[in-house]
Structure formats: structure tokens, C-alpha cells
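> Just a sequence and a predicted model for now, questions to come.
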Amino acid sequence: MTRKLVHVAAAVIEDSNGLVFLAKRPDDKHQGGLWEFPGGKVEIGETAAEALKRELLEEIGITVKSAKPLITVPYHYPDKSVLLDVYHVSEFSGEAWGAEGQQTAWVDKKDLDSYPFPAANRPILNAVLLPDVLLITPECDSLESCLLGIKKAVQTNKVSAVMLRQPQLSDMVLSQWFQSIRQDRIFSMDDGKAGKRAPLLIINSSLELANQLEAPAVHLSSSRLKSLTSRSVFAGRWLSASCHNQEELDIAAQTGCDFVTLSPVQKTNSHPLASPLGWGKAADLAGQSPLPIYMLGGLSSQDREQAKKSGAQGIAAISALWT
Ligand SMILES: Nc1nc2c([nH]c(=O)n2[C@@H]2O[C@H](COP(=O)(O)OP(=O)(O)OP(=O)(O)O)[C@@H](O)[C@H]2O)c(=O)[nH]1
Ligand SMILES: [Mg+2]
């Protein structure tokens, strides 16, 4: 089935306290009665950014000062196919309100899950909660050096998601390392500062091991992704996977992954034989996937903006984030 995608511009509007603005869709509209990120259809002759500006003024009375691309989500409802072009808006003037009579709310990010949204919105909610830089640990000689490196990265590089990847270890030793690292103070809940959340600790392992450890997040290699039969065995927790091409991205979306890495974008010392996708191909692939994507391979924090312009959530890196 190839049905024309209805191009929609929508905004995750965030105020200075980190609250996000939602509106309720009128009952008589498509996906009526559910909550939404304000926005609407891109009209002929308009760019998505122009449509966003117009819709936000019409629907909620604010003037957008700057809008940054967050995620694009192609989604097929039984009765309609949409391409949601979602921006992050934190600079605007005016006071947001329901200018079309719709119910509205400013919501804490951690409470977003309790609002019913259209099914297409799942990846947007994930994109809102995930950071834009993901550290993948290099292979470490000892638990001590691994933990020290993680702490340094979190403190100096403002990394707030860490993937523990130690393919040289047995499952038994990996479990011990994971449990020690998880217990460290940097992974315990907030340190008292407003809005500061503990970094997300992701284990790169089998799903079975992640389940045994009750890990909050697991990252699967592409071969593990391909043999995954059901998302529900890891229900309620973060599931991600390594992808290198369209086929793997499709599998990740179909199986219900929350996000993925896409690699290698550039030439990288950790996988010297892999031929890089380059930004153009990586952006093409990102545009067709509904999921938040971390670009990976020869990248550093400086590539964050380029990655976002290419439709990604941000970047993942090993050496560039490890001091
Ligand atoms: N604005 C918005 N639309 C969404 C979201 N999620 C989602 O699936 N959609 C779908 O995207 C389409 C957006 O259309 P819309 O109804 O907002 O369009 P509009 O403002 O131009 O309204 P109109 O049709 O009354 O002119 C709808 O089919 C809606 O169900 C969301 O978070 N925000
Ligand atoms: Mg609308």
C-alpha cells in the first residue's frame, strides 16, 4: 500500500521550567479526544517551519522565535497516513492557551506517559525523554577504570545516557560490573538540583541477561535484534538496537524498539573495515524511520547539530566522549 503521507508540523513546546505544552484534540477530529503536540497540516507552498509558525499562532496564540528539528515520524493509521515533522520550541512570545476552545495543559516530562496520545506519538515521547548524546564505553581493563571513565564523562561531557558495552567479558563478569556501576552515586536519583535527572544506564547484552539484572534499558546488537521475537519480554523499559541499514531500521521499528544507533556514519577506528554511510545516506535512512536515532561512528559532541539537521536525536560515541 502506498498512500500519500499528510505532512504535519507539530511542536514540543517547553517552558523555562522544563514543562511541555499539550492540547486535547476535539472529539470530532481524526484521533479526537486524545492529547497532541499542537500543530497542523503543511499547506501547499509552505515549508514545515512556516506551517508550524502559522499553526501555533492560530491554535495556541504564541509566536515562535526559534524551532529546532526534533524528530520526523512517518505513521500509517488504518484511515490515514501522516508524516509528523516535530520541532522543539523553547523560544516564543505570548502565553500559550487554547485559542480554538481546546483543553490544554503544561505537563512535567515524567508525567507525559499518563496522557493518552495518538499511536504515532510514541517515538515523539521517547525523543522528548532521551538526551542528545550517548556514551558507549570502550573495552576497559578493569571495573575501576570503567567506572572512573563513566564518571568523568558524565561530569565533564554532560553525558546523560551511558551504554555499558564490554564484549570481552563473560555474562557473569558483565553482570558484576553492571551491578557495581549501577550502585554508584551518579546513577542514583537526582542530586537535589531542579530538573536534574540521573543518567540512563543501558546494558549492551542479551535480553535475558538484562531481564535477570532488571536493567532499566537494554541495547541489542543487530544480530540479537533480528532474533528478537517479542517486545513484551522487556515491557516498560527502554529497548534499543544497533542498526546499519534500512532493513535493520525497519525491524527495529516493527519490533517496538524505543531508539536505535545508526552506524558507521563516518570512518571510525573501532570498526576500520566498515564502509561509512556518510551524512547524506544516514539522513535518508533517518528520514524514513519513525524512531529516535543516534548517529554513530567517527563522531563527537561537535557533530550534534549536524546529526539533528540530518533527522537524528543526536550522536553516540566511544572515544570522543572518553577522557
Ligand atoms: N497536531 C498534531 N497532529 C497529530 C499528532 N499526532 C498525530 O497522529 N497527529 C495527526 O496529524 C494530523 C494533524 O492534523 P490536524 O488535525 O492538527 O491538522 P490541522 O490543525 O491543519 O486541522 P484541520 O484539519 O482542522 O485544518 C491528524 O491526522 C492527527 O491525527 C500530534 O501530536 N499533533
Ligand atoms: Mg491542528
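The structure has been received and is ready for your questions. All of these numbers come straight from a predicted model, not from anything done at the bench. Numbers count the residues shown, from 1 in each chain. Ligands and ions are numbered 1, 2, ... in the order given.
> what sits against Glu100?
By C-beta atoms under 8 Å, 6 or more residues apart in numbering, the residues touching Glu100 are 26, 58-59. Glycine gets a C-beta too; all of them are placed from N, C-alpha and C.
> Specify the beta-bridge partners of the nearest residue to Ala11 once chain neighbours are set aside.
In space, and not counting its chain neighbours, Ala11 is closest to Val89: 4.6 Å by C-beta to C-beta, 6 or more residues apart in numbering. Beta-bridge pairing for Val89 (DSSP bridges): Ile13, Ala67.
> Please spell out the segments of the stretch 1-150 of the chain that come in under the pLDDT threshold.
1 (pLDDT under 70).
> Torsion angles phi and psi at the closest residue to ligand 1 within it?
In the stretch 1-150 of the chain, the residue that lies nearest ligand 1 is Gly40 (2.3 Å; C-beta to the nearest ligand atom). Main-chain torsions, Gly40, degrees, to the nearest 10: phi -180, psi -170.
> Look up the closest residue to the residue of the chain positioned farthest from its centre, ignoring the ones flanking it.
Relative to the centre of the chain, and counting by C-alpha atoms, centre = their mean, the farthest-placed residue is Gly101 at 31.5 Å. Closest residue to Gly101 apart from its sequence neighbours, by C-beta to C-beta, 6+ apart: Pro26 at 7.9 Å.
> same question, Leu83
Using C-beta to C-beta, 6+ apart, the closest residue to Leu83 is Leu5 (4.1 Å).
> what does Gln168 give?
Distances taken as C-beta to C-beta, 6+ apart place Glu139 nearest to Gln168, at 5.2 Å, with adjacent residues excluded.
> Let me know the helix or strand that that neighbour is in.
Secondary-structure assignment from DSSP states H and E places Glu139 in no helical or strand segment.
> Against Ser114, how distant is Leu148?
38 Å (C-beta to C-beta, to the nearest Å).
> how about the residue farthest from the centre of the chain, phi and psi?
phi 80, psi 0.
> need the residues of the stretch 1-150 of the chain near ligand 1, please.
Within the stretch 1-150 of the chain, the residues that sit near ligand 1 (C-beta under 6 Å from any ligand atom) are 8, 10, 29-31, 36-41, 55, 80, 82, 84, 118, 120-121.
> Tell me which of those residues fall in helices.
Glu55 (DSSP state H).
> Please indicate which of the residues of the stretch 1-150 of the chain next to ligand 1 are buried?
8, 10, 31, 36-40, 55, 82, 84, 118, 120-121 (16 or more other C-beta atoms under 10 Å).
> In strands only, show me the residues you listed.
8, 10, 36, 39-40, 82, 84 (DSSP state E).
> ok and the residue in the stretch 151-300 of the chain nearest ligand 1?
Closest point on the stretch 151-300 of the chain to ligand 1, by C-beta to the nearest ligand atom, is Pro290, at 11.3 Å.
> How about the secondary structure of that residue?
Following DSSP: H, G, I helix; E, B strand; the rest coil, Pro290 is assigned to coil.
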